[in-house]
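A.B. asks: pasting the sequence and the predicted coordinates here, then a few questions.
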Amino acid sequence: MPFLRWLLRRTDGSTDPTYNPRRTSELYAKTPEGYIIAQDIACQYEYAREQPCSHCGGRLNVVAQLNRASQGLNELVCLCHSCHRRTSFIFDISNEVYQKWLARNLGKNYTQSYDGPPRKAAQS
Ligand SMILES: [Zn+2]
């Protein structure tokens with residue numbers, strides 16, 4: 001059953017290169033600027049899939065990924081299945097958990113692509 005095996009791998013995450021097994025409790029917390037803290041690639045798509053359309057409550061589909069790495073950000077643009085309204089989620093990828101995961105994945109090809117210190121979750 002190849003599909004079931006694929007599904008189990010995705011849930012476990014251990015063999016999915018888009019999943020960071022070192023996610024922390026700050027995942028999805030907001031920075032002081034209002035960006036959503038991402039700790040890998042997979043979590044951004046998981047987050048977008050779990051949000052209902054703010055207009056009709058319909059299901060969202062990711063239709064574009066805007067590379068804003070020079071700002072330490074990544075933006076996912078979604079369209080609602082039902083009403084076709086557009087929604088964007090802007091993720092912080094400057095944080096230490098994301099950058100360490102990226103550095104492990106890229107090895108010697110890793111370079112920090114934004115200026116300034118990593119963003120952190122806002123104090124609540
Ligand atoms: Zn909608």
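C.D. replies: Here it is on my side, so go on. Numbers count the residues shown, from 1 in each chain.

A.B. asks: what helices or strands is the host helix or strand of Leu79 leaning on?
C.D. replies: Leu79 is part of strand 73-80, with elements assigned from DSSP states H and E. Strand 73-80 sits against helix 42-50, strand 60-68, strand 86-92, with contacts defined as 3 or more Cβ pairs under 8 Å, 6 or more residues apart in numbering; DSSP states H and E. For glycine as for every other residue, the C-beta is placed from the backbone atoms N, C-alpha and C.

A.B. asks: how much space separates Pro32 from Gln39?
C.D. replies: When distances are taken as Cβ to Cβ, to the nearest Å, Pro32 and Gln39 turn out to be 18 Å apart.

A.B. asks: so what's the residue nearest the centre of the chain up against?
C.D. replies: The residue at the geometric middle of the chain, judged as the C-alpha nearest the mean C-alpha position with Cα atoms, centre = their mean, is Gln44 (2.4 Å). Counting by Cβ atoms under 8 Å, 6 or more residues apart in numbering, Gln44 touches Ala38, Asn74, Leu76, Phe89, Phe91.

A.B. asks: out of those, who's the most crowded?
C.D. replies: Ala38 (29 neighbours; other Cβ atoms under 10 Å).

A.B. asks: that one against Phe89, yeah?
C.D. replies: No - in this structure, Ala38 sits apart from Phe89 without contact. The criterion is Cβ atoms under 8 Å, and the distance is 9.3 Å.

A.B. asks: residues that sit against both of the two, list them.
C.D. replies: Contact criterion Cβ under 8 Å, 6+ apart; residues bridging Ala38 and Phe89 by contacting each: Gln44, Tyr47.

A.B. asks: would you turn the contacts of Gln44 into TSV with pLDDT?
C.D. replies: Listed next are the contacts of Gln44 as TSV, based on pLDDT from 0 to 100:
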residue	pLDDT
Ala38	98
Asn74	97
Leu76	98
Phe89	98
Phe91	98
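
A.B. asks: filter those residues by proximity to the ion?
C.D. replies: Residues of those in contact with the ion (Cβ under 5 Å from the ion): none.

A.B. asks: ok, Pro32 and Gln39, which is more surrounded?
C.D. replies: Here Pro32 and Gln39 are compared on neighbour count by other Cβ under 10 Å; more neighbours surround Gln39, at 25 against 10.

A.B. asks: fine, thanks again, bye for now.
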